[in-house]
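> Coordinates only, no sequence provided:
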């Protein structure tokens, strides 16, 4: 077997392995470019090395652009849209103030964490409902 066929096949496999070890959907598309050049070199025996490299670069860019245009364009809807938005998950909950709200700021313990709350002045122990989130501060109103 010719050395360039083996080299392009090996490069494609190395790029696919790199994608498997550190997934990010980038090495995959460059690996597809290398695999396409592998097929071209295997089918057409007399392609000069310079044109092989040019084909690799062009096919890699084309495959990346195809992914960016069609692969990413479809919005994937999550079955848990608030999964990594812990504060937003708390909207609607009724909690008890750990520290009273004085001058618009207080503190409440929710599950295993203490949260800064903002709302009307209320004494400690008052039940409040979380109505909004602003940064890491929970906006509350009396429940």
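Received the coordinates, thanks. Note that this is a predicted model, so its numbers are computed, not measured.
> use CA for all of it now, contacts and neighbours both
Will do.
> how near is the spatially most central residue of the chain to residue 15?
By C-alpha atoms, centre = their mean, the chain has its centre lying nearest to residue 24, at 9.3 Å. Here residue 24 is placed at a distance of 12 Å from residue 15 (C-alpha to C-alpha, to the nearest Å).
> same deal with residue 107?
51 Å.
> And for residue 23?
Going from residue 23 to residue 15 by C-alpha to C-alpha gives 11 Å.
> For these two, indicate the residue with more neighbours.
The neighbour count for residue 23 versus residue 15, taken as other C-alpha atoms under 10 Å, is higher for residue 15 (22 against 12).
> Let me know how buried residue 141 is, in neighbour terms.
18.
> separation between it and residue 93?
11 Å.
> Show me whatever sits in contact with both of the two.
129-130 (C-alpha atoms under 8 Å, 6 or more residues apart in numbering).
> okay, and the helix or strand of this structure with the least pLDDT?
In the chain, the helix or strand scored least confidently by mean pLDDT, DSSP states H and E is helix 86-89, which has a mean of 88.
> Tell me which residues are up against that helix.
82, 132-133, 136, 138.
> Which one (most neighbours) among the residues you listed?
residue 138 (25 neighbours).
> so what's the nearest residue to residue 63 once chain neighbours are set aside up against?
Once flanking residues are discounted, residue 63 sits nearest to residue 29: 5.6 Å by C-alpha to C-alpha, 6 or more residues apart in numbering. For residue 29, the contacting residues are 60, 63-64, 67, by C-alpha under 8 Å, 6+ apart.
> Can you tell me which of the residues you listed are buried?
Among the contacts of residue 29, the ones that count as buried by 16 or more other C-alpha atoms under 10 Å are 60, 63-64.
> Which ones among the residues you listed lie within helices?
Per DSSP state H, helices hold the following members of these: 60, 63-64.
> I figured residue 107 hits residue 96, correct?
No: at 9.2 Å, residue 107 does not count as touching residue 96 under the criterion of C-alpha atoms under 8 Å.
> give the contact list for residue 98.
106-109, 124-125.
> what ranges of the protein fall below the confidence cut-off?
For the chain, applying pLDDT under 70 flags the ranges 72-76.
> all strands of it, in order?
94-102, 105-110, 113-118, 127-134, 137-142 (DSSP state E).
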